[in-house]
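> give me a model of this one.
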Amino acid sequence: MSAKKIKAHFVGIGGIGVSALARYYLAQGHMVSGSDLVASEITQALQKKGVKISIGKNIFPKDADLIIYSPAITVRRPTSNMLSYPQALGELTKKHFTIAVSGTHGKTTTVAMIGLILIKAGLDPTVIVGTKVKEFGDSNFRLGKSKYLVIEACEYDESFLNYEPQIIVITNIEAEHLDYFKTFQNVLKAFRQFAEKLPEDGALINEKKYQNAKDASKLRKILKVPGAYNVANALAALSTARALKIPDEISYRSLAEYTGSWRRFEERKVRGLTVVSDYGHHPTQIKATLRAARDKWLHKEIWCIFQPHQYQRTYYLFDDFVQVFKEAPVDKLIITDIYDVAGREEKKIREQVSAEKLIGSINQQWASYVAKDRIIDYLKKNLKGDEAVIFMGAGD
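Residues are numbered from 1 along each chain as shown. Predicted coordinates:
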């Protein structure tokens, strides 16, 4: 991108990735506008920074020099001034030394950890991450002045194949986004193609390379964020730092200071209750988060309020959800209505799955369905006041 200032419009600007890229363009001094179907914390924060945002429909202004749109939006006839979010981010990766973090789980936290290590090492990276990070001023974006760029590389729609990284981190690979991939073998194929994009002098960092019992033991003692999954995230970040020749002393100090990110086991006190907000929406994430909660609160009553994210995911992973929740170390489970993801749902599948059906298959006395608009009243009537209440899901 040249130094010339342009009018850049972002369609689906409330998305966590698209909004981060909008912040990048804003930081470069470009004129930024956006549109989205609904208002959110993210759109409101951007409006405070002077971004003009249209809420209620997605628009494609004719006077924009560049239009960047969310991959969740189908554009039938893209014009020459239009790029999808993965395409636009891909262009950015070509101009930087890019560290791309991929995997089914742990991408966001690992990106945040790597970014913070690089900052403490004086490498001044630009970071685009799928959450708000306290150390970035509660933002999902940090502008750096060096060549380093740290990004989250999502596999959905094979988005990550648009990127040109020098370091690839793969945290783990599981069956996910089966509405797109259909089979786990197709998921594996996409990750292999992504790994093949590395240059000859590039570095691939995966579980085989970063699993180290000695490092894991040390990290368990110093991490402020709970759970074995966060130890795994920290191991990936540590291995990445070593690939960049950053001294372990700096990495460990940075990881010890990391206090977590928005909606990643985000804990607060509310009128005596311990309330946790967590983004987990895949069976493996749910299992790991609830296990971490029970390890942390051995004798506290734990309630989990879960909103399934996307009818397609709930349908394809239905049996996994049932199994995880049947074995969940919680005292009370509430499942509410499935979050409908616009543009990614099939009518036939919508008709075959529901929160009520999920509860029926879990078939436990301590598990029940509660409509979303009744949850607060239900909690007010039934909580004693000293429980840990975990709100889980990637919806609203």
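> next, count neighbours for residue 318.
Other residues near residue 318 come to 17 when the count uses other C-beta atoms under 10 Å. All C-beta spots, glycine's among them, are computed from the backbone N, C-alpha and C.
> ok, and the closest non-adjacent residue to it?
Once flanking residues are discounted, residue 318 sits nearest to residue 353: 6.5 Å by C-beta to C-beta, 6 or more residues apart in numbering.
> could you give the number of residues near that neighbour?
Counted with other C-beta under 10 Å, residues neighbouring residue 353 total 19.
> for it, what are its contacts?
For residue 353, the set of contacting residues under the criterion of C-beta atoms under 8 Å, 6 or more residues apart in numbering consists of 311, 314-315, 318, 338.
> mind doing that once more with 7 Å?
If a contact means C-beta atoms under 7 Å, 6 or more residues apart in numbering, then residue 353 has 311, 314-315, 318 as its contacts.
> over to residue 83?
When contacts are counted by C-beta under 7 Å, 6+ apart, residue 83 touches residue 68.
> okay, and it sits in which element?
Using DSSP states H and E, residue 83 maps to strand 82-84.
> where is the longest helix in this structure?
When the chain is parsed with DSSP state H, its longest helix is helix 228-243.
> which residues of the stretch 251-396 of the chain fall in strands?
266-270, 273-278, 302-306, 332-335, 367-369, 388-392 (DSSP state E, counting those that start in this stretch).
> with mean pLDDT added, can I get those in a markdown table?
What follows is the strands of the stretch 251-396 of the chain, written out as a markdown table (pLDDT from 0 to 100):
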| stretch | mean pLDDT |
| --- | --- |
| strand 266-270 | 85 |
| strand 273-278 | 90 |
| strand 302-306 | 95 |
| strand 332-335 | 95 |
| strand 367-369 | 94 |
| strand 388-392 | 93 |
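> just put the ones you listed in JSON lines and tack on distance to residue 287 and mean neighbour count.
Converted to JSON lines, the strands of the stretch 251-396 of the chain look like this (distance: least, C-beta to C-beta, whole Å; neighbours: other C-beta atoms under 10 Å):
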{"stretch": "strand 266-270", "distance to residue 287": "19", "mean neighbour count": "12"}
{"stretch": "strand 273-278", "distance to residue 287": "12", "mean neighbour count": "19"}
{"stretch": "strand 302-306", "distance to residue 287": "11", "mean neighbour count": "22"}
{"stretch": "strand 332-335", "distance to residue 287": "13", "mean neighbour count": "23"}
{"stretch": "strand 367-369", "distance to residue 287": "15", "mean neighbour count": "18"}
{"stretch": "strand 388-392", "distance to residue 287": "11", "mean neighbour count": "21"}
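> from residue 58, how far out is residue 107?
26 Å (C-beta to C-beta, to the nearest Å).
> neighbour-wise, which of the two wins?
It is residue 107, of residue 107 and residue 58, that has more neighbours when counted by other C-beta under 10 Å, with 26 against 19.
> okay, the more buried one and residue 152: tell me how far apart.
When C-beta to C-beta is applied, the distance between residue 107 and residue 152 equals 5 Å.
> give the residues shared as contacts by those two.
Overlap of the contact sets of residue 107 and residue 152 (by C-beta under 7 Å, 6+ apart) consists of 101, 130.
> now the helices for the stretch 151-300 of the chain?
Under the criterion DSSP state H, counting those that start in this stretch, the stretch 151-300 of the chain contains helices at 178-181, 184-195, 207-210, 213-222, 228-243, 248-257, 283-296.
> out of those, which comes closest to residue 263?
Among the helices of the stretch 151-300 of the chain, helix 283-296 comes nearest to residue 263, with 11.1 Å by C-beta to C-beta.
> report the angle between the closest one and strand 273-278.
150 degrees (axes from the mean of the first three to the mean of the last three C-alpha atoms, to 10 degrees).
> what about stretch 77-95, start to end distance?
For stretch 77-95, the separation between the terminal residues is 27 Å (C-alpha to C-alpha, to the nearest Å).
> from the contacts of residue 353, which land in helices?
Secondary structure of the contacts of residue 353 is defined by DSSP H; positions in helices are 311, 314-315, 318.
> which strands and helices sit next to the top strand by length along the chain?
Among all segments of the chain classified by DSSP state E, the strand with the greatest residue count is strand 126-133. Taking 3 or more C-beta pairs under 7 Å, 6 or more residues apart in numbering; DSSP states H and E as contact, the helices and strands that strand 126-133 lies on are helix 16-27, helix 107-120, strand 139-142, strand 148-152.
> what lies in contact with it?
16-17, 20-21, 24, 96, 107-108, 111-112, 115, 136, 138-144, 148-152, 261-264.
> in PyMOL, how would I select the buried members of those?
Selection of the buried residues among the contacts of strand 126-133 in PyMOL, burial being defined by 16 or more other C-beta atoms under 10 Å:
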select buried, resi 16+17+20+21+24+96+107+108+111+112+115+136+139+140+141+142+144+148+149+150+151+152+261+262+263+264
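> give me the contact list for the longest helix of the chain.
Under the contact criterion C-beta under 7 Å, 6+ apart, helix 228-243 has outside partners 99, 105-106, 109-110, 113-114, 117, 167, 169, 171, 203, 205, 209-212, 215-216, 219-220, 223, 251, 255, 288.
> mind listing what's buried along it?
Within helix 228-243, the residues that qualify as buried are 229-243, counting by 16+ other C-beta under 10 Å.
> the longest strand of the chain: how far from the chain's middle?
The chain centroid and the centroid of strand 126-133 are separated by 9 Å under C-alpha atoms, centre = their mean, to the nearest Å.
> coming back round to it: would JSON lines of the ones in helices among the contacts of residue 353 with distance to residue 278 and pLDDT be doable?
JSON lines is the format used below for the ones in helices among the contacts of residue 353 (distance: C-beta to C-beta, whole Å; pLDDT from 0 to 100):
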{"residue": "311", "distance to residue 278": "21", "pLDDT": "89"}
{"residue": "314", "distance to residue 278": "17", "pLDDT": "89"}
{"residue": "315", "distance to residue 278": "22", "pLDDT": "90"}
{"residue": "318", "distance to residue 278": "21", "pLDDT": "92"}
